[in-house]
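# Just need the structure, nothing else, for what follows:
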Amino acid sequence: MRKLILTSFAIFVGFAFMNAQDIADNAIGLRIGDNDGLGTEISYQRALGDNNRLELDLGWRSGNSFTAFQLTGLYQWVWQLDGDFNWYAGVGGGVASINFDNNDIDGDTFVFAAGDIGIEYNFDFPLQLSLDFRPELGFGDYRDDLDFDIAFSVRYRF
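As a prediction, this is how the structure comes out:
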């Protein structure tokens, strides 16, 4: 009896996640977050299947005493929550560089591993809003720690 209940539950959960996804072939926009001081990123998403996609984000900033950039790539799985709401999770990584104008402080180029989990809403017109959480583990002299990035995104879907 226990096996029958577990099998029935597994089949039910499988059918619940088999709903057709509403992910766009392409989406481009802005990802607005703290990103370890880099702030807003240009964000591009490309569908790779019915329920997975690739997201590429490029952030840069130039301040009074530094210049920095960060390129992130994430592979994401997308599941429908309800109607036009989806949630997603992903893994990936990237490369970043920071250079200081002050010669007393060394700059650094480093790589990082990243995860991603978030929720998105797709309007009937080509607009997508999302909120996500991205932990990043850096490997370099300047950044060799775990950082947490929370961001709000606005993208045009096409």
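# going forward, measure contacts between C-alpha atoms and count neighbours the same way
OK.
# Just give the strands next to the host helix or strand of residue 150 in its sheet, each with its orientation.
Element membership of residue 150, judged by DSSP states H and E, is strand 146-157. The pairing partners recorded for strand 146-157 under DSSP bridges are strand 26-33 (antiparallel), strand 127-139 (antiparallel).
# Columns mean neighbour count, mean pLDDT and distance to residue 46 on top of those, output as JSON lines?
Shown next, in JSON lines, are the strands paired with strand 146-157 (neighbours: other Cα atoms under 10 Å; pLDDT from 0 to 100; distance: least, Cα to Cα, whole Å):
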{"stretch": "strand 26-33", "mean neighbour count": "20", "mean pLDDT": "95", "distance to residue 46": "5"}
{"stretch": "strand 127-139", "mean neighbour count": "19", "mean pLDDT": "94", "distance to residue 46": "13"}
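# what's residue 111 in contact with, if anything?
Contact partners of residue 111, counting by Cα atoms under 8 Å, 6 or more residues apart in numbering, are 93, 94, 95, 96, 138, 139, 140.
# Next, it: phi, psi?
When quoted as degrees, to the nearest 10, the phi and psi of residue 111 stand at phi -110, psi 160.
# got any ranges where this protein has weak pLDDT?
By pLDDT under 70, the weakly predicted segments of the chain are 1-22, 35-38, 104, 142.
# what about the strands in it?
In the chain, strands defined by DSSP state E lie at 26-33, 41-47, 52-62, 66-82, 85-100, 108-122, 127-139, 146-157, listed in chain order.
# burial count for the closest residue in space to residue 65 that isn't next to it in sequence?
Among residues not flanking residue 65 along the chain, residue 101 sits closest, at 5.0 Å (Cα to Cα, 6 or more residues apart in numbering). When counting by other Cα atoms under 10 Å, one arrives at 13 neighbours for residue 101.
# what does residue 126 give?
Neighbours of residue 126 using other Cα under 10 Å come to 12.
# check contacts around it.
156, 157, 158.
# Mind putting those residues into JSON lines with distance to residue 79 and neighbour count?
Formatted as JSON lines, these follow (distance: Cα to Cα, whole Å; neighbours: other Cα atoms under 10 Å):
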{"residue": "156", "distance to residue 79": "20", "neighbour count": "17"}
{"residue": "157", "distance to residue 79": "17", "neighbour count": "20"}
{"residue": "158", "distance to residue 79": "19", "neighbour count": "12"}
